[in-house]
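Visitor: Okay, here's the prediction I keep looking at, along with the sequence it came from:
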Amino acid sequence: MRVTVNPGHCPGIDPGAMGPAGLREADVALAVGKLTAEYLRAAGCEVLLIQDDSLEKICSESNAFRADLFVSIHCNSHTSPAAHGCEFWTARNASMGAYRLASCLEKQFCATFPKLYNRGVKTGGLYVTLHTDCPACLVETAFISNPAEERLLADPVWQDECAKAIARGVTDAMQ
Ligand SMILES: [Zn+2]
């Protein structure tokens, strides 16, 4: 199986959202994405790990790689520091495979982080979910704008658990 892992945004070019303590989304996404790629490779997957400020390039490289599944890793952000929890986005025209991927990721996240509020599977017009040929899901791991969740996102142990949950969700979706 081939899997594209796309850490959101691009350090140095597009940092993404920033937490109140200065944590940058692009750095968290890269750390989690690298670990996710390692776990998926250990599980026997071929992995394309791609972080780039061009969404078009990410999609075209993933499609050229002929990925079977695509997962994008982000941190959520809101003007209210109280907003919290994880979300799993599929395309508005999502296939059954994309819903399956999103729900497998959701299940593993809930099992790994029982205290993290589950905002559920959502559908929308996010570019990478619309322009990839295979089932795709964008994971909003937690809110970087929430001080307590920013601390989680900065924690290497939490990042590792997060990567394991994503890798398990992806391999569950292949069954
Ligand atoms: Zn993002």
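Guide: That came through fine. Bear in mind that the values here come from a model prediction, so they are computed numbers and not experimental data.
Visitor: residue contacts, the spatially most central residue of the chain?
Guide: Centroid-nearest residue in the chain: residue 73, 2.2 Å away (criterion: C-alpha atoms, centre = their mean). Residue 73 sits next to 5-8, 29, 32-33, 36, 138-139, 141, 166 when contact means C-beta atoms under 8 Å, 6 or more residues apart in numbering. To be clear about C-beta, it is placed using only N, CA and C from the backbone, and glycine gets the same treatment.
Visitor: Is whichever residue of the chain sits closest to the ion bridged to anything, and to what?
Guide: With C-beta to the ion as the measure, residue 74 is the residue of the chain nearest to the ion, at 3.5 Å. Note on residue 74: beta-bridge partners residue 140, judged by DSSP bridges.
Visitor: for it, what are its contacts?
Guide: For residue 74, the contacting residues are 8-9, 16, 25, 29, 138-141, by C-beta under 8 Å, 6+ apart.
Visitor: how about 10 Å then?
Guide: With contact set as C-beta atoms under 10 Å, 6 or more residues apart in numbering, residue 74 has these partners: 6-9, 16-17, 25-26, 28-29, 32, 87, 89, 126, 128, 138-142, 144.
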